[in-house]
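> Generate coordinates for the sequence data below:
(one chain, ligands or ions: 1)
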Amino acid sequence: MFSFFKKRGNVESEHIQNIVEDYTNIIPIAEYFKSETGVTFDKQISILQNKVTTFCKQRNIYSFLELLKLIEHNRELKQALIDTLTTNETFFYREFKQIQELVGLVKDAAKEVTILCAPSATGEEPYGIAIALLEAGVAHNRFHITGIDINHDATSKAKDAIYKARNMRNLTPEIIEKYFLKDDSVYILKESVKSQVTFKVLNLFDPSFITIGKFDFIFSRNMLIYFDKETKNRAKEILESLRKNPNQEIFFGHADLF
Ligand SMILES: C[S@@+](CC[C@H](N)C(=O)[O-])C[C@H]1O[C@@H](n2cnc3c(N)ncnc32)[C@H](O)[C@@H]1O
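The predicted structure is shown next:
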């Protein structure tokens with residue numbers, strides 16, 4: 001339906017190539033993306049088709065088939081596709097009750113603890129946890145947080161730690177005043193909080209993921225919502241294997257139902 005011929009190359013050239021522009025069969029891309037990231041577009045296949053069509057057109061890639069071939073050897077292109085197709089919506093103090101519960105557990109632990117946020121998106125969750133712990137009087141040297149996410153752009157933003165008011169709506173003016181510097185319309189997180197968190201670009205399903213180490217507490221909120229049942233269970237098993245204490249419950253989001 002969307003197929004037609006395009007000419008690629010210089011019109012003066014003797015070797016003008018006719019390329020079939022074909023953005024029709026999105027299924028192989030959906031299958032590839034799910035096998036790589038766990039994310040399924042089963043119920044949003046037309047959204048996927050529109051996003052990938054735009055992605056291809058912006059890069060002069062003439063068909064989904066060509067995209068699949070290119071991705072095999074081009075890691076940057078693959079990362080750009082992952083960055084385009086993953087949803088990084090997040091904000092400070094999301095589902096704050098769980099953060100409060102964690103604060104209580106960390107205080108009770110009375111030792112240095114490690115916390116994993118998988119996924120960390122643009123950083124609001126791990127930084128929010130750090131702020132809540134500091135506010136509760138937990139010393140800087142009593143905790144460290146690791147944030148991981150498959151999205152490279154989101155992780156760069158997390159490292160920059162510069163936020164707009166919209167994502168800080170749950171923070172009080174006192175907290176904002178204490179932990180951020182205001183610059184025009186943005187808020188820059190202070191180093192005292194930034195230094196509590198380390199970010200890494202990682203795919204939960206990458207075989208090397210489990211070498212990241214073991215953690216006292218694990219947050220994994222609002223990622224499993226993008227997975228089907230079988231993939232959710234696989235993700236849960238991977239995360240459970242990273243617990244120092246096998247009895248410690250993982251903090252999943254309320255929407256991440258099994
Ligand atoms: C909606 S955000 C959730 C962020 C935060 N935990 C929260 O609840 O606000 C979902 C994140 O999951 C990440 N993600 C999806 N699949 C992933 C995978 N296989 N490995 C690591 N991160 C993944 C996406 O890049 C996205 O940033």
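
> Run through the residues of the protein sitting next to the ligand.
37-39, 86-90, 94, 119, 121, 125, 149-151, 154, 203-205, 221-223, 226, 253 (CB under 6 Å from any ligand atom). Placement of C-beta: from N, CA and C, glycine included.

> Just the buried subset of these, written out for ChimeraX, thanks.
The buried subset of those, as determined by 16 or more other CB atoms under 10 Å, is captured in ChimeraX by this line:
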select :37,38,39,86,88,90,94,119,121,125,149,150,151,154,203,204,205,221,222,223,226,253
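
> Among the residues of the chain next to the ligand, name the ones in strands.
Residues of the residues of the chain next to the ligand located in strands (DSSP state E): D149.

> which residues in the stretch 51-200 of the chain form helices?
64-73, 75-85, 96-109, 124-135, 152-160, 173-179, 191-194 (DSSP state H, counting those that start in this stretch).

> Specify the angle between the third one and helix 124-135 in degrees.
It refers to helix 96-109. Going by axes from the mean of the first three to the mean of the last three CA atoms, to 10 degrees, helix 96-109 is angled at 50 degrees with respect to helix 124-135.

> taking the mean pLDDT, what do you get for stretch 249-258?
Averaged across stretch 249-258, pLDDT comes to 92.

> go on, stretch 156-169?
Per-residue pLDDT over stretch 156-169 has a mean of 98.

> same deal with stretch 98-114?
Mean predicted lDDT for stretch 98-114 stands at 97.

> next one: stretch 20-29
For stretch 20-29, the mean per-residue pLDDT is 90.

> Identify the residues contacting D83.
D83 makes contact with 151-154, according to CB atoms under 8 Å, 6 or more residues apart in numbering.

> got a pLDDT number for it?
Model confidence at D83, given as pLDDT, is 98.

> Quick check: closest non-adjacent residue to it.
Computed as CB to CB, 6 or more residues apart in numbering, the closest residue to D83 that is not its neighbour in sequence is D153, at 4.6 Å.

> go on, T231?
Per CB to CB, 6+ apart, closest to T231 is G38, 4.5 Å.

> is I188 in a bridge, and if so with what?
Legend: beta-bridge partners of I188 under DSSP bridges are I162, L181.

> And it, how close does it get to the ligand?
Distance from I188 to the ligand, counting by CB to the nearest ligand atom, to the nearest Å: 20 Å.

> neighbours around K69, how many?
12 (other CB atoms under 10 Å).

> Touching, D149 and S120? I think so.
Yes: contact criterion CB atoms under 8 Å: D149 and S120 qualify, at 5.0 Å.

> Now do the shared contacts for those two.
Residues touching both D149 and S120 (CB under 8 Å, 6+ apart) are 155, 158, 199.

> For those, pick the one with the most neighbours.
A158 (27 neighbours).

> on that earlier part again, my guess is the residue nearest to T231 contacts Y226, does it?
Yes: the pair G38 / Y226 is scored as a contact, 7.2 Å apart, by CB under 8 Å.
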